[in-house]
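> Sequence and predicted structure below; questions after.
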Amino acid sequence: MKEQALVPIKRPGRGKSGRSTKVLANYFEIKKTTKNHTWFKYAVEIKKPYTEAEGSEMVVRREPKPPNIEIKRMVFKELEKKKGADWFAGVNYIFDGEKTLYTLNPIKMKTNVVVTSVMLNDDQDLRGKPNEFQVQIVALSEQLELSELNTYLEAKLFRWEFFNMESLKALNDLIHSHPSYRYFQFRDSILDPHTRCSLGGGMELWAGFFESVRPGENAYFVNVNRNHTVFYEKKDLVSFLCAYLNLRDLPAEFNENQRRRINKVLYNMKVRPLHRPNVKTRQQIRRYSPKKAKEHEFTLKDTGKTTNVFEYFKTTYNRTLKYQHVVEITTRKGEVWPLECCEIIEGQRVPLTQLNGDQLAKMITLTALLPKKNMDIIINEGVKKVLDFGNDPKLKQFGMEIDQNMTLVPARILRAPTISYHSSSQGGPKLIPKNGQWNLRGKKFVRSGAPLKFWFVISCIPEKFLSRTDAENFVMTLVKTCKDQGMDVVMDKPNILYPSTQGDFQKTIKQEYDGSKKFLSKRPQLILFLLPPEVENKRKKKKFPNQIYDRKFNQKLYADIKLTTSTVLGLPSQCVVADNIYEGPSYCANVALKMNLKLGGINSTLEASEIPELTKEPVLLLGADVTHPTQIDSGSEDACPSICSVVGSVDQHGSKFIDRHREQRKEGMDESRKNVSEEKIIEMRKMVTEILTEYKTRNSFLPNRIIMYRDGVSESQYKMVLDYELQAIKAACKDMNQPGYSPPVTFIVVGKRHHTRFYPSDQKDADNNGNCIPGLVVDQKITNPYLFDFFLQSHTSLQGTSRPAHYIVLHDDNKFNADQLQEFTYKLCYNYQRATRSVSIPPPVYYAHLSAKHARSHVVSGELRPVVPSLAQNNPMYFV
């Protein structure tokens, strides 16, 4: 398929519909960028000198490992002390932490290239000698012209270089320069270690502030948001592992599961030696050693005698080891250190995937701040203290001036759509949501799924912890609720089974299915599973014994269920977390929503007049997402692929979707697919072709228009999706072998990972928590000067500060205006079939994410197993 070069479309105009208002945005206007619009540039190279290792016949020059950004910053600080009165005297400069130095006036160098060495006392070798670093600075002939910043704002033309402008990067280096000296910088965030709060398990949360320069309408802004990052606690490894494994003391032997967890968490962790307190060395752990301290023998160079780690530490450091556990350090000599002699170095980030349920819950509690408090912290703690916009010496030197007040932004509140249920619903079929939510009381689903005649229940919790009476009462309430909502449930009392979850649970599910099939004399239509909760929720009525709360084991149960039911048995499954079964009819109503979808039903629709873009002519809604592996137990990236999912609507109301998904690897592809971005959906053309074929089979015609909502794409990938994925969709249309078939395509990127937040300036625009009410749309002042983009807050947050979605319309053959796309997108957020509230992003994106997440459970030994074809055909929304 030939790729075509395209550019994003220009904004066609601003939206006008809705009630006008103004909101505060966490954007701080840059009143003056710099006093000089031309900056001098210098290339900076920081490296360790070559080391020489003597061999038997020759001297081998070893190239040292390049220092990381933290070490480079430390080296440059030492360079400033050494050359401050020489090279940098009277010079205004900033260092980007990597390889570039920017100045307003030339550095006082006698030649264009200067080289010096720096000894870093805070980073020593194993002998306690400060590490030496060589610093080379080269004066570059090219200068940084900041005038290109104005070209971007003028929005007269578009260049891909706008997304990677060096001048914009340099402004970000400038605003981070001074705070990074006083606090801890991680990417675009400035974090304060003094805010640390323990999450348990050897992890702690640091608070700080994200800051980034963003282009807006006729001005640049600094986007500032409260930010949090999880780090390992600074403590000795014995204390850390006791906390991590939830042990009072370390055992003499670790079991297999404990060893696996230890190796995973310790791999590449940086530690310093407690047995040599005056040595400030930083060493990485390679692994937990399978040998004990007394089993690690080696020969002493000075005496030639053989000893072991235990005896060596006793005689050399006067330390009698309490534990025999040791770790291997990544040195050329392969040193081993006892656990109790290792201290974790501060500032090592923890991936969120390593947090357990308790830690995640505590983190959410600590970070979910209500809007008013969040806004106060951003201004008073962030802008005026940590980031210190008013007194930052670097900003003053370069002449940058930043407003210390949030920007007041024009906005509009869109009207909520009318939602329809079955005509037999109590009080009529129509309702208008209030504050983005409604309830099902008296309402019946638009269409019931297949009559539920044959099904059964599997409890994954032993009967002694979840009684049969409790399970039966829940099922009875669930059946009544399903019937109240209009579902056709024929079998009122399904059999409830209590099989063992130990051993091969996939095999157990198959056995119970076969037994139930024989008992019912028919193939079961659905299995309801009662799952143990991952973590204790103190707000729930039911409390289970501690052994029931096993996050890893319970996640495996869920994966086994979805793998077996979807790829082996070919029937939908419905999982219910057991501590929810005591919550009554309201919870059962939520379960009924999912069950009806999985049985082929439709829960609700939007009034046809609300979405003319869908109802006046056939339209295909597409959603696409890529999920990447988060935990790879095998240690090989190839063993766990990325999952790409594309979903497509197959009905007039955009309520029923089908899905297609594929596995995808960055490496190991055939020649035509090598060296591609993981985020690119390689088989977009094939998946869309399959969706179009299914659409035609179900409707007897093809759609006249296509609207794609694409999730998970950053600015740097816009070109890729236009050149490849958009062209793949158009090629799929040609593959339908229908002469002249080339429907117009609208391609919209949905952004969620951003730091833009809005705060109501008028109380009438606030909900009970102080967030902006649903329907808020912003498409000016802080939006992109050229692109067709807008922010839309379509939901009500249950806790914390609401995050709007960011929509970027990259391509639009349909020629929609701003009002059409903004209103259509907002109303779609009320058509998410699993909920009775508006959601934060359109259903096609949600369904694509659910499809990819569901398919993740189908990966076995690195291979994605296919869904049973009859399941995808008869129960297309099995994945919700």
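Structure's in. What do you need?

> Just give me the neighbour total for Pro739.
Pro739: 5 surrounding residues under other CB atoms under 10 Å. From N, CA and C alone the C-beta is placed, and that goes for glycine too.

> What strand or helix carries it?
Taking DSSP states H and E as the definition, Pro739 sits outside all helices and strands.

> swap in Ala170?
helix 166-182.

> Whatever helix or strand Lys81 lives in packs against which elements?
Applying DSSP H and E as the criterion places Lys81 in helix 69-83. Under the contact criterion of 3 or more CB pairs under 8 Å, 6 or more residues apart in numbering; DSSP states H and E, helix 69-83 touches strand 38-47, strand 113-124, strand 130-139.

> and with 6 Å instead?
Where contact means 3 or more CB pairs under 6 Å, 6 or more residues apart in numbering; DSSP states H and E, helix 69-83 is packed against strand 113-124.

> Surely Ala872 is within a helix?
Yes: under DSSP: H, G, I helix; E, B strand; the rest coil, Ala872 sits within a helix.

> burial measure for it, as a count.
19.

> Repeat that for Lys32.
11.

> Dig out what it forms beta bridges with.
Glu401 (DSSP bridges).

> Just confirm it contacts Glu401, I think it does.
Yes: judged on CB atoms under 6 Å, Lys32 makes contact with Glu401 at a distance of 4.1 Å.

> that older thread, beyond the helix holding Lys81, next helix or strand please.
Assignment by DSSP H and E places the next element after helix 69-83 at strand 93-95.

> C-terminal to that next one, what's the next element?
Assigned by DSSP H and E, the successor of strand 93-95 is strand 100-103.

> Quick one: list the elements packing against that next one.
Against strand 100-103 (3+ CB pairs under 6 Å, 6+ apart) you get strand 38-47, strand 93-95.

> Buried deepest among those strands, which one?
Highest mean neighbour count among these (mean count of other CB atoms under 10 Å): strand 93-95, with a mean of 22.

> Pairing partners for that strand, with directions?
strand 100-103 (antiparallel).

> Distance from the partner strand to the middle of the chain?
Strand 100-103 sits 33 Å away from the centroid of its parent chain (CA atoms, centre = their mean, to the nearest Å).

> Ok, stretch 417-436 next?
Using CA atoms, centre = their mean, the offset of stretch 417-436 from its chain centre is 35 Å.

> Could you list the alpha-carbon positions for that stretch in CSV?
The C-alpha trace of stretch 417-436 is given here as CSV (Å, rounded to 0.1, in the frame of the first residue of the first chain):
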residue,chain,number,x,y,z
PRO,A,417,-29.3,14.8,24.7
THR,A,418,-32.6,13.0,25.1
ILE,A,419,-32.2,9.2,25.8
SER,A,420,-34.8,6.6,24.7
TYR,A,421,-35.8,3.3,26.2
HIS,A,422,-38.5,0.8,25.3
SER,A,423,-41.9,2.2,24.7
SER,A,424,-43.4,0.2,27.6
SER,A,425,-41.1,2.0,30.1
GLN,A,426,-42.8,3.5,33.1
GLY,A,427,-43.3,7.2,32.7
GLY,A,428,-42.6,7.0,28.9
PRO,A,429,-39.5,5.9,27.0
LYS,A,430,-37.7,9.3,27.0
LEU,A,431,-35.6,10.9,29.6
ILE,A,432,-33.2,13.9,29.9
PRO,A,433,-30.1,13.3,32.0
LYS,A,434,-29.3,15.6,34.8
ASN,A,435,-25.6,16.5,35.5
GLY,A,436,-24.6,13.7,33.1
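
> and that stretch, what's its mean pLDDT?
The average pLDDT within stretch 417-436 is 96.

> just stretch 171-188 next, same as before
Per-residue scores along stretch 171-188 average to 97.

> quick one: the helices in the stretch 301-450 of the chain?
Taking DSSP state H, counting those that start in this stretch, the helices of the stretch 301-450 of the chain run over residues 309-316, 357-367, 371-376, 393-398.

> Identify the residues contacting the helix holding Ala170?
94, 96, 102, 144, 146, 148-149, 190, 211, 213, 387, 392, 394, 398 (CB atoms under 6 Å, 6 or more residues apart in numbering).

> I'd like the next helix or strand past that helix.
Criterion used, DSSP H and E; the element after helix 166-182 is strand 184-186.

> List the residues that contact Ala559.
Ser857.

> That one: which element?
helix 551-564.

> CSV for the helices and strands packed on strand 100-103, including mean pLDDT and distance to Leu606?
Converted to CSV, the helices and strands packed on strand 100-103 look like this (pLDDT from 0 to 100; distance: least, CB to CB, whole Å):
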stretch, mean pLDDT, distance to Leu606
strand 38-47, 97, 53
strand 93-95, 97, 52
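
> List of residues touching stretch 830-843?
Contact with stretch 830-843 is made by 417, 436-440, 593-594, 597, 603, 606, 654, 709, 750, 774, 794-795, 805, 825, 828-829, 880, as judged by CB under 6 Å, 6+ apart.

> how far off helix 69-83 does the helix holding Ala170 point, in degrees?
Helix 166-182 runs at 80 degrees relative to helix 69-83, counting by axes from the mean of the first three to the mean of the last three CA atoms, to 10 degrees.

> Do you have the strands of the stretch 351-500 of the chain handy? List them.
For the stretch 351-500 of the chain, the strands defined by DSSP state E, counting those that start in this stretch cover 401-402, 407-413, 419-420, 430-431, 455-459, 495-497.

> ranking the ones you listed by burial, who's on top?
Per residue and on average, the most neighbours among the strands of the stretch 351-500 of the chain fall to strand 455-459, with a mean of 23 (mean count of other CB under 10 Å).

> Okay, now the sheet partners of that one, with direction.
Strands adjacent to strand 455-459 in the sheet, as given by DSSP bridges, are strand 495-497 (parallel), strand 526-531 (parallel).
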